[in-house]
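S.K.: sequence plus the predicted model coming up.
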Amino acid sequence: MSKALDGVRILDFTHVQSGPTCTQLLAWFGADVIKVERAGEGDATRGQLRDIPGVDSLYFTMLNHNKRSITLDTKKPKGKEVLDTLIKQCDVLVENFAPGALDRMGITWEHIQKLNPRMIVASVKGFGPGPYEDCKVYENVAQCAGGSASTTGFDNGPPMVTGAQIGDSGTGLNLALGIVAALYQRNTTGRGQKVLASMQDTVLNLCRVKLRDQQRLERTHTLHEYPQYPDGTFGEAVPRAGNASGGGQPGSILKCKGWETDPNAYIYLITQAAAWPAVCKVIGEEDWITDEAFATPAARLLHLKLIFARLEKWTMTKTKFEAMDILNKYDIPCGPILSMKEIAKEPSLRATGTIVEVDHPTRGKYLTVGNPIKMSDSSTEVSRSPLLGEHTEEVLAQLGYSAEEVAELRAEQVI
Ligand code: CAO
């Protein structure tokens, strides 16, 4: 089967998480991704959070599948020459260095344009233009600056970051979309362009509903669906919503059978308006279907704590999976709180290629998350991440370097 991005060659100058997420996706869609790393250490994540001494970490392997790795010191003049050759022969350069690092290397937009006007130059940065544009940024900084931390957690606790890597992997995803759109536009313009995805912008985009609520709060001074209502008073900014649903359908996390010993014996349950009569039947409160205090969504907003306390009395008599089975029969939206252990073992996720087992020459077998985007005419086969510099000779030969030239570059520690 052909792949969506067959024939697209990516100069992958990314490291850590955000950039590698992007180029891994492009590789899964069929692009030839050449990862450029410094000899010796390579991408810093190869050595971070190691669980096996001397072996590429899971952090690295799980973000760099289906790529080729070459080592190159791009600060040495001969290394820069190789980089220039790569620029001439690739379609896209992807990077997520600290602001200005590419310019300091002499790889300016103008320089790239001269070598290859069709090249797309795609960058992740922590911030877009503005007061923080020169800052180095990691995941949690982006979550804090993008509005996620101030709106996550409980209203009586401090701001909180989430485990979902929305700043890193989220921005990588946005960048990949920008690159594909730029490749499409190049079909008509014949020109490359710069693509920028900032981590703050990405997080804010994912917190869109919170900016919605900020404006509602300023206009009406209350947010009926938030847990502070009707007992508490609101401040000037959108408060942390705990586990309340972000939409207009009230929801909560409720204890299930076994919660005393199992930290994940919980279910998320949404009392969607259409499912309200069914909810009442399931918990044996049929009177609530017609009772004025509960009959309408607006009336229920005044009693959410009581409603969820009653629901929890019911969920505590069932395991999360028993509760799921019963609630799904009535089309009541709900979801079990799944631990990573449970997710790793879930057969349906293995069957769809969302969880994949990969074999690695020095690590052995490990699990990874496969391509979350499934296409009917461009399938994804996940292959292991490259060892550092594994493809240096192969790529240089493809670029037209002779064996003697490669030996010389090696002797001069350029590769
Ligand atoms: N050959 C020679 N030099 C190389 C090289 C190579 N192959 N690859 C990288 N370098 C150099 C860079 O040119 C840079 O040199 P200068 O500082 O002299 O310009 C240097 O290595 C370090 O790059 P860096 O500043 O990007 O790396 P860092 O570890 O200090 O910072 C990070 C890491 C992530 C904070 C920073 O890159 C950043 O803010 N990136 C943008 C935002 C981002 O993507 N953050 C998400 C990271 S994932 O959690």
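M.R.: Sure, I can see it.
S.K.: close to the ligand: what parts of this structure are there?
M.R.: Remark: the part of the chain in contact with the ligand comprises 16-19, 36-38, 72-75, 96-98, 101, 104-105, 124-126, 136-139, 168, using Cβ under 6 Å from any ligand atom. Bear in mind the C-beta positions are built from the backbone N, C-alpha and C, glycine included.
S.K.: weed out the non-buried ones from these.
M.R.: Among the residues of the chain next to the ligand, those classed as buried by neighbour count (16 or more other Cβ atoms under 10 Å) are 16-19, 36-38, 72-74, 96-97, 105, 124-126, 137, 139, 168.
S.K.: which ones among the residues you listed map onto helices?
M.R.: With helices taken from DSSP state H, the overlap with those comprises 18-19, 139.
S.K.: what's the closest non-adjacent residue to Glu322?
M.R.: With sequence-adjacent residues excluded and distances taken as Cβ to Cβ, 6 or more residues apart in numbering, Glu322 is closest to Lys257, at 7.5 Å.
S.K.: quick check, pLDDT for the residue of the stretch 151-300 of the chain found nearest the ligand.
M.R.: The minimum distance from the stretch 151-300 of the chain to the ligand, using Cβ to the nearest ligand atom, falls at Asp168 (4.5 Å). Each residue has a pLDDT score; the one for Asp168 is 98.
S.K.: next up, the contacts around it.
M.R.: For Asp168, the residues meeting the contact criterion (Cβ atoms under 8 Å, 6 or more residues apart in numbering) are 16-18, 21, 138-139, 142, 199.
S.K.: okay if I get the residues you listed as JSON lines plus pLDDT?
M.R.: Putting these into JSON lines (pLDDT from 0 to 100) gives the following:
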{"residue": "Val16", "pLDDT": "97"}
{"residue": "Gln17", "pLDDT": "98"}
{"residue": "Ser18", "pLDDT": "98"}
{"residue": "Thr21", "pLDDT": "98"}
{"residue": "Tyr138", "pLDDT": "96"}
{"residue": "Glu139", "pLDDT": "97"}
{"residue": "Ala142", "pLDDT": "98"}
{"residue": "Met199", "pLDDT": "98"}
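S.K.: surely Asp84 and Leu115 touch.
M.R.: Yes: Asp84 sits in contact with Leu115 when judged by Cβ atoms under 8 Å, with a separation of 5.8 Å.
S.K.: and the residue nearest the centre of this structure?
M.R.: Using Cα atoms, centre = their mean, the residue of the chain that lies closest to the mean C-alpha position is Ser169, 2.8 Å off.
S.K.: so that one versus Ile270, what's the distance?
M.R.: 26 Å (Cβ to Cβ, to the nearest Å).
S.K.: check Glu404 too.
M.R.: Distance, Glu404 to Ile270, using Cβ to Cβ: 67 Å.
S.K.: which pLDDT value belongs to Gly246?
M.R.: 65.
S.K.: that should have said Glu357, apologies.
M.R.: According to the model's per-residue confidence, Glu357 sits at a pLDDT of 98.
S.K.: make sure it is indeed in a helix.
M.R.: No: read with DSSP: H, G, I helix; E, B strand; the rest coil, Glu357 is strand and lies in no helix.
S.K.: quick one: whichever residue of the stretch 251-400 of the chain sits closest to the ligand from Arg118, how far?
M.R.: Checking the stretch 251-400 of the chain residue by residue against the ligand with Cβ to the nearest ligand atom singles out Gly389 as nearest, at 11.0 Å. Plainly put, Gly389 is 28 Å away from Arg118 if you go by Cβ to Cβ.
S.K.: neighbour count winner among the two?
M.R.: Legend: neighbour count by other Cβ atoms under 10 Å for Gly389 and Arg118, higher for Gly389 (21 against 15).
S.K.: skip the chain neighbours and tell me the closest residue to that one.
M.R.: Of all residues beyond its chain neighbours, the one nearest Gly389 is Thr71 (3.8 Å), with distances taken as Cβ to Cβ, 6+ apart.
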